[in-house]
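> When you get a sec, could you give me coordinates for this:
(2 chains)
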Amino acid sequence: MFETLILILDSTVRLSTPLLLACLAGLYSERSGVVDIGLEGKMLGAAFGAACVAYLTANAWLGLAAGISVAIGLSLIHGFASITNRGNQIVSGVAINFLAAGLTALLGQAWFGQGGRTPSLPDGGRFREITLPFADSVASVPVLGPIYSGLLSGHNILVYGAFLAVPFTWWVLFRTRFGLRLRAVGENPAAVDTAGISVTFLRYRAVIICGVLCGMAGAYLAIAQSSGFIKDMTAGKGFIALAALIFAKWKPVNAMFACLLFGFLDAVAIRLQGQSIPGVGEVPVQVFQALPYVLTVILLAGFIGKAIPPKASGIPYLKERT
Amino acid sequence: MTAAIELRKINKSFGAVHANKNIDLVVGKGSIHGIIGENGAGKSTLMSILYGFYNADSGDIIVDGQKVTIADSKAAISLGIGMVHQHFMLVDTFSVLENIILGAEDGTLLSGGSDKARKELARLDADYGLKVDPDALIEDLPVGLQQRVEILKALYRGAEVLILDEPTGVLTPAEADHLFRILEVLRNQGKTVLLITHKLREIMAITDTVSVMRRGEIVATRKTSETSMEELAELMVGRRVLLTVDKGTAAPGAPVLKVENLTVTDARGVTVVKNVSFEVRAGEIVGIAGVSGNGQSELLETLAGIRHPKSGTVTIGGEVLDLAHHPVDAAGMRAKSVGHVPEDRHRMGLVTSFAEYENAILGYHDDPAYSKGPFLNLAAIKEAAKGEIAKYDIRPPNPMLKTANFSGGNQQKIVLAREIERDPSVLLIGQPTRGVDIGAIEFIHKRIVELRDAGKAILLVSVELDEIRSMSDRVLVMFDGRIVGERLPSASEGEIGLLMAGVDDARTAKL
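Sure thing, here's the model as predicted:
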């Protein structure tokens, strides 16, 4: 029983990682006032870019760099549309989702001819699990041993990176000048402008950070969790991350717990696939797959109180002509 | 006296609109300089140029004898120019301290700047008496204190020249007085204050020098001690205006509107109108005075059918309405001959993206005069709109123009025309002249008095005590949801002011 729990929690961590990276990406963007429904597309584009370069160079780090570059590129498109040209941020985000879904499948087929897949990665093209010190030797210690060696140890670098990004993001937001300005520009850009700070530059920096984190999320899917890109491999994770962000009320530590919760539901769903629950019988796996969404709707409907987004999010900043 | 700021031949256009024409202005160091003008005269544009929000098309700015270019707000701040905007530039969810240091953080990390700001705030409190809790959230502070934070923000950045854009628009009379005292302290400590307003009284009360703007130009600069309200009003409008309301004594008839024991709760369940009773007779104007937020808005909305009371009755022309149990909606109240000019014309009175003629029948679109079966009778509507435009001197006289493109005064006239022309027996009017220029105020006041003389019952709600006192035949004062007293309009400002602050009759009697 205990071992099963460790296994489920272990896969919870793995499944939460891309959600968490994407969720933090959305947090930076939305805290600056730029709504980003294109997280999904950026992740997908990044996954494809990472897989291609990792396959060609057999270097996971170059793959990661490529993934991040692709996501930043898409972020800049979103920024150009919604910050510089003050376009509708939802439309721009949706366009990015379509663009990424179509382009990755098209290019994948054109370059590799495997139905939109990229070929399986060579050695070195994939991020490997890291075994923390003494993991093997303490494995036999009751309770704490399995937690350390089974749960905390044995993940790849991106998993650790994602969870370290949580306190780091908190620190950036609430303890640094950049964070103060970022939060301010999402609430009242005019206040930032009159304080002599460029709203445009600030928001561009936010969407670039969003790109970096989406890039990591995409790379994680393609070259850490799996060994290569599969068509539409993000499978709605960008949207779940967005739900988690609302659920977390745009706060980094809450975001981590929200993503872990969604990851946990996913892990349970996988675990229960094809198994029958006593007294209920076999539950279709779709029930569990639908749970994160059902949960979001229920929780948003009143259990977590009002989720108030940054006041200026979604609204392009225009100097008012008085 | 040396000049803190000098503007020479400043020009600024927005498209075809020449917002500032050849502006010459000298602001003396250590003085309070007022700039007065009607809405749209170009005051705010000029100040935005000085603060680097807009760049002038041509002209020179001289600060402390040096010719400077102010490309953005950052440049203005570094030249020692600070601005308190009409709509505060504060982040509501931030603490006072966070707002103060935003843009002046002093390093990458916040800790150093915060400590410095805390000390500096204590010093500013000691020097100028500007007390405020650095850890309070802005959204929890009353507007008067929010404004103080704006002033502190400017002083923290080392402002020598402080620009205040319509600073008293959101303040109670007491808060405004307090602000003026602060401005005097600032001046006495050598700071220069530029006060932009359209209120003549403020100019007379506080400034040393005043410049009048009209249609983008400075038409006159006077020493305040050598001018008068009448002269300034004439300069602002370009013709003689009556500052006092010219009305004869009322000849009230039978009660038309009678309110008994009305109690109203808001959406959160808080009781906002508490057991209010009064009556308005035909041919009289009853004014409700009070600081904004003491239940007047809710009372007005209840009588207009927008809100429903918890208990109490309203009698209109003899018909007793038990609104708590048999609610009547806004259309129903209109059908009972109750006209309503809402307090906030943008939120409730108009759809600003509609054309003028569409707004002219808003709420009356079911009237058979304006419809042909299920369709609107556009020809009839436009005809009626043209009639109102002519009668109320609405400018520009174009019923097809988008309502947002009319000035505040003309928008208000559109609402007023719509309600008055239906010939209601009761007219509810909220803030009839908020954001309206002097010329239009004169017109609107005249219309309301004419309506009274035609034997209508008028209930007037306004936060402008001057307006209440000059328009009303009787004054009721609301505080904390109750009517705390009734006075004649001839009662002194101080007496009504005390009631507005909640010092009620019983307590006054004890004192």
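
> From now on I want contacts and neighbour counts done on CA atoms only, so please keep to that.
Noted.

> which ones are touching the residue of the stretch 401-511 of chain B found nearest chain A?
Shortest the stretch 401-511 of chain B-to-chain A distance, computed as Cα to the nearest Cα: residue-wise this is B:Ser407, at 11.7 Å. Taking Cα atoms under 8 Å, 6 or more residues apart in numbering or on different chains as the contact definition, B:Ser407 lies against B:Asn39, B:Gly40.

> Report pLDDT for A:Gly302.
You'll see A:Gly302 listed with a pLDDT of 65.

> And the residue lying closest to A:Ala162 once chain neighbours are set aside, how far from A:Asn97?
If you skip the residues right next to it in sequence, A:Ala162 has A:Leu21 as its closest partner in space, 5.8 Å away by Cα to Cα, 6 or more residues apart in numbering or on different chains. Spatial separation of A:Leu21 from A:Asn97 under the definition Cα to Cα, to the nearest Å is 17 Å.

> Residue ranges in the chain under the pLDDT threshold?
Because you didn't say which chain, this covers chain A. Under the criterion pLDDT under 70, the flagged ranges of chain A are A:300, A:302-305, A:320-322.

> The chain in question should be chain B.
Chain B contains residues with pLDDT under 70 at B:1, B:504-511.

> Next to chain A, which bits of it? Give me the list.
Residues of chain B lying close to chain A by Cα under 8 Å from any Cα of the partner chain are B:44-45, B:53, B:72-75, B:77, B:88-94, B:98, B:102-105, B:107-111.

> rerun that using 6 Å as the cut-off
Chain B comes close to chain A at residues B:Ser73, B:Lys74, B:Met89, B:Leu90, B:Val91, B:Gly103, B:Thr108, B:Leu109, B:Leu110, as judged by Cα under 6 Å from any Cα of the partner chain.

> which ones are touching the nearest residue to B:Gly502 once chain neighbours are set aside?
Excluding the flanking residues, the one nearest B:Gly502 by Cα to Cα, 6+ apart is B:Phe479, at 5.6 Å. In this structure, B:Phe479 makes contact with B:Asn294, B:Met500, B:Gly502, judged by Cα atoms under 6 Å, 6 or more residues apart in numbering or on different chains.

> in the sheet, who's paired with B:Phe479?
Here B:Phe479 sits in beta bridges with B:Arg482, as judged by DSSP bridges.

> can you give me the strands in the stretch 251-400 of chain B?
B:255-265, B:271-281, B:284-289, B:311-316, B:319-321, B:338-341, B:371-372, B:375-376 (DSSP state E, counting those that start in this stretch).

> When A:Leu21 and A:Asn97 are compared, which one has more neighbours?
More neighbours surround A:Leu21 than the other of A:Leu21 and A:Asn97, with 33 against 23 (other Cα atoms under 10 Å in any protein chain shown).

> roughly how far apart are the more buried one and chain B?
Shown here: A:Leu21 relative to chain B, a distance of 24 Å by Cα to the nearest Cα, to the nearest Å.

> Checking my notes, that residue in a helix, right?
Yes: counting by DSSP: H, G, I helix; E, B strand; the rest coil, A:Leu21 is located in a helix.

> host element of the residue nearest to B:Ile361 when sequence neighbours are not counted?
The spatial neighbour of B:Ile361 that comes closest, neighbours along the chain excluded (Cα to Cα, 6+ apart), is B:Arg418 at 6.6 Å. With the criterion set as DSSP states H and E, the secondary-structure element containing B:Arg418 is helix B:408-420.

> picking that back up, among the strands of the stretch 251-400 of chain B, which is the most enclosed?
Per-stretch averages of neighbours, counted by mean count of other Cα atoms under 10 Å in any protein chain shown, single out strand B:284-289 among these, with a mean of 27.

> What is that one packed up against?
Contacting strand B:284-289 under the criterion 3 or more Cα pairs under 6 Å, 6 or more residues apart in numbering or on different chains; DSSP states H and E are the following elements: strand B:457-461, strand B:474-479.

> Can you show me the CA trace of the last one as CSV?
Written as CSV, here are the backbone C-alpha positions of strand B:474-479 (Å, rounded to 0.1, in the frame of the first residue of the first chain):
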residue,chain,number,x,y,z
ARG,B,474,-36.0,72.7,1.3
VAL,B,475,-32.8,70.8,2.2
LEU,B,476,-32.7,67.4,3.7
VAL,B,477,-29.4,66.1,4.9
MET,B,478,-28.5,62.4,4.7
PHE,B,479,-25.9,60.8,6.9
